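> can't give you the sequence, but here's the structure:
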């Protein structure tokens with residue numbers, strides 16, 4: 001017990017030391033520092049990387065690679081999230097200075113809990129933001145700027161002109177929130193084939209082939225199906241322009257393995273493009289958080305009617321898709337036959 005108490009006391013001393021160091025480094029009365037308020041970056045097209053580090057140690061490293069951004073060297077990042085931060089970097093502005101009577105408190109709070117945002121232009125670190133908490137009215141965010149290894153002597157209240165809200169929440173590190181959500185995102189003319197399988201009812205399964213802009217409906221063994229409505233078949237391929245997952249299911253890898261061990265796919269979609277690259281997703285029914293009871297039959301429905309699970313073959317995560325956003329990708333073979 002004594003060792004534990006000593007450890008806690010030592011940790012508190014170290015934390016207070018860090019806070020004191022921050023306060024001294026950012027207090028112009030302690031050695032005369034310089035105030036930096038030029039947070040904005042005019043030419044955001046020159047930004048090649050930015051790194052967000054939380055005081056918890058979590059990191060999101062976003063780096064430009066050709067026409068896309070990569071997350072932590074592993075995943076494609078969501079373009080809309082990157083664009084949001086680039087706009088923030090470009091338009092961020094000082095709302096006000098921090099009142100002198102609040103300065104030490106603000107700096108101490110930022111030392112204890114902050115998000116560090118390092119911005120690289122053309123490969124060089126040019127600016128670092130230290131992002132603190134929102135102001136009491138939630139219309140501003142306490143921030144401090146560092147340039148060339150020197151922290152500003154003054155923190156500022158920052159905002160985006162025309163935006164009523166705080167900025168701290170824009171700087172997040174959760175990989176699941178950053179990971180690109182596109183699953184099937186194709187130019188329909190770049191699709192060579194689509195295979196739709198119903199493992200629990202194989203007679204509903206089929207394949208659509210496309211060659212020289214001509215589509216054909218086949219059974220699962222590759223035999224042509226007579227009487228198919230060509231327009232319906234062509235329009236079906238349009239579904240695969242924009243199929244995104246809603247979110248990554250909040251399960252551990254062990255929980256995912258347990259769910260899949262007792263589940264069988266209800267649908268399997270496979271798309272092969274003209275360069276012969278193939279992507280396959282298995283879909284599984286998702287249990288409802290709020291099961292319903294049929295008022296007529298009294299039967300209990302345990303399955304979610306709004307969302308379904310999916311897993312990209314070769315990847316670990318279990319994804320959540322919204323039925324509405326999937327359109328009619330699960331249409332059976334009979335849908336196309338007149």
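Nice, thanks for sending it over. This structure is a prediction, so every number in the text was calculated from the model and none was measured. Residues are numbered from 1 along each chain as shown.
> check the offset of stretch 39-54 from the chain's centre.
18 Å (CA atoms, centre = their mean, to the nearest Å).
> give me the contact list for that stretch.
59-64, 85-87, 89-94, 115-123, 126-127, 129, 143, 145, 156, 158, 171-173 (CB atoms under 8 Å, 6 or more residues apart in numbering). For glycine as for every other residue, the C-beta is placed from the backbone atoms N, C-alpha and C.
> burial count for residue 270?
16 (other CB atoms under 10 Å).
> beta partners for it?
residue 195, residue 280 (DSSP bridges).
> residue contacts, it?
Residue 270 is in contact with 194-195, 197, 278-281, counting by CB under 8 Å, 6+ apart.
> quick one on the thing from earlier: just the buried residues of the contacts of stretch 39-54.
In the contacts of stretch 39-54, burial by neighbour count holds for 60-64, 85-86, 89, 92, 115-121, 127, 129, 143, 145, 156, 158, 171-173, counting by 16 or more other CB atoms under 10 Å.
> now, which of these lie within helices?
85-86, 89 (DSSP state H).
> narrow the buried ones among the contacts of stretch 39-54 to those in strands?
If you go by DSSP state E, the buried ones among the contacts of stretch 39-54 have 60-64, 115-121, 127, 129, 143, 145, 156, 158 in strands.
> how far away from the center of its chain is stretch 157-170?
Distance of stretch 157-170 from the chain centroid (CA atoms, centre = their mean) equals 20 Å.
> got the end-to-end distance for that stretch?
16 Å (CA to CA, to the nearest Å).
> just stretch 251-265 next, same as before
In stretch 251-265, first residue to last residue: 18 Å (CA to CA).
> buried ones in that stretch?
256, 259, 265.
> which of the residues you listed has the weakest pLDDT?
Across the buried residues of stretch 251-265, the bottom pLDDT score, 86, is held by residue 259.
> enumerate every residue touching that residue.
251, 284, 309, 318.
> ramachandran coordinates for the second one?
When read as degrees, to the nearest 10, the backbone of residue 284 gives phi -130, psi 140.
> does it touch residue 265 like I think?
Yes - with contact defined as CB atoms under 8 Å, residue 284 reaches residue 265; the gap is 5.9 Å.
> just to revisit the earlier point, of the contacts of residue 270, just the buried ones, PyMOL syntax please.
Those of those that count as buried under 16+ other CB under 10 Å are selected in PyMOL with:
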select buried, resi 194+195+197+279+281
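> how about the contacts of residue 270 in a markdown table, adding pLDDT and distance to residue 226?
Output for the contacts of residue 270, formatted as a markdown table (pLDDT from 0 to 100; distance: CB to CB, whole Å):
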| residue | pLDDT | distance to residue 226 |
| --- | --- | --- |
| 194 | 98 | 19 |
| 195 | 98 | 20 |
| 197 | 98 | 21 |
| 278 | 97 | 27 |
| 279 | 97 | 30 |
| 280 | 98 | 28 |
| 281 | 98 | 29 |
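> closest one of the contacts of residue 270 to residue 247?
Residue 247 has its nearest neighbour among the contacts of residue 270 in residue 281, at 15.2 Å by CB to CB.
> surely the closest one and residue 268 touch.
Yes - using CB under 8 Å, residue 281 is in contact with residue 268, at 7.2 Å.
> among the contacts of residue 259, which has the minimum pLDDT value?
Comparing pLDDT over these, the lowest score belongs to residue 251 (88).
> list the contacts of that one.
259, 318.
> quick check: it is in a helix.
No - using DSSP: H, G, I helix; E, B strand; the rest coil, the secondary structure at residue 251 is coil, not a helix.
> before I go, just wanted to say thanks for your time.
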